[in-house]
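Asks: sequence and computational prediction follow.
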Amino acid sequence: MNSTEADNREEELKEIEEEIKSCKKCVLHKYRTNPVPGEGPATAKVMFIGEAPGRNEDLQGRPFVGRAGELLDYLMNLAGLDRSKVFITNVVKCRPPNNRDPRPEEISACLPYLRRQIAVIKPKLIVCLGRFAGSTIFKLARLKWNGMYRLHGRVFESTVEGVPVKIVATFHPASAFYRKEVRDLIERDFKEVIGRLVKELNEGEKGRKTLLDFMD
Ligand code: URA
Ligand code: SF4
């Protein structure tokens with residue numbers, strides 16, 4: 001990819017972000033301090049998708065900056081990833097009052113933003129954090145959602161917005177605070193499954209020939 005194309009993608013992401021900042025398409029806009037569009041490079045190979053901003057995220061306008069975010073950083077490291085290299089966002093971009101679950105009409109109002117982010121970034125791997133991200137992404141990928149206990153840590157291949165992509169769902173990091181057995185499952189998903197996919201992605205990058213290789 002040349003730098004102009006990368007710049008164009010950054011610009012398109014910025015445009016989506018600006019639209020989110022003034023969005024009033026669902027009732028959640030009334031409660032927000034700051035919308036949380038998501039962050040990371042427009043050329044990220046890996047996208048993490050959570051549920052919705054919580055209190056700290058709402059105050060800072062950034063995804064996963066509270067306690068769940070700390071755990072996510074630790075988990076990403078287990079998989080050989082670094083926060084600065086991935087794109088992190090949520091299914092809904094504004095915080096639901098008292099951290100209640102997002103409602104179906106809020107998810108559908110907000111979904112065009114996530115779809116456009118995926119279309120611009122064209123990730124090779126989408127990691128769904130929790131059942132809201134899982135059920136939403138599986139639907140976009142025309143896969144059947146069978147519940148997190150059955151589907152976590154399995155690798156699916158499909159297309160989302162015309163982008164060929166691998167998809168893995170795992171439990172929401174916040175749920176690890178309440179249940180030790182869930183924490184063990186998440187750690188295993190990150191270490192064994194996501195870690196392996198990341199390694200494959202890195203090896204693919206190294207092995208790929210560029211035009212220069214054919215120009216001697
Ligand atoms: N939980 C989420 O689902 N998303 C965040 O950004 C923070 C906590
Ligand atoms: Fe708009 Fe999404 Fe915020 Fe609702 S949650 S106001 S649809 S940006």
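Replies: Yep, that arrived. Ligands and ions are numbered 1, 2, ... in the order given.
Asks: show me what from the chain comes close to ligand 1.
Replies: G50, E51, A52, P53, G54, E57, P63, F64, A68, N90, A174 (Cβ under 6 Å from any ligand atom). Using the backbone N, CA and C atoms, a C-beta is placed for each residue, glycine as well.
Asks: does the last one touch G69 like I think?
Replies: No - with contacts defined as Cβ atoms under 8 Å, A174 does not count as touching G69, sitting 9.7 Å away.
Asks: tell me the secondary structure for N34?
Replies: coil (DSSP: H, G, I helix; E, B strand; the rest coil).
Asks: apart from its chain neighbours, what residue comes closest to it?
Replies: With Cβ to Cβ, 6 or more residues apart in numbering as the criterion, N34 has its nearest non-adjacent residue at 3.4 Å, and that residue is G61.
Asks: what's the answer for V163, then?
Replies: Residue nearest to V163 in three dimensions, not counting chain neighbours: K122, with 4.8 Å by Cβ to Cβ, 6+ apart.
Asks: tell me how many other residues crowd the one you found.
Replies: By other Cβ atoms under 10 Å, 19 other residues sit near K122.
Asks: for ligand 2, see how far away it is.
Replies: Distance of K122 to ligand 2, given as Cβ to the nearest ligand atom, to the nearest Å: 22 Å.
Asks: identify the residues contacting G50.
Replies: By Cβ atoms under 8 Å, 6 or more residues apart in numbering, the contact list for G50 reads P63, F64, A68, I88, T89, N90, V91, L129, G130, A133, H172.
Asks: again, only using 10 Å
Replies: Taking Cβ atoms under 10 Å, 6 or more residues apart in numbering, we find G50 in contact with 36, 38, 57, 63-64, 68-69, 72, 88-92, 127-130, 132-133, 172-174.
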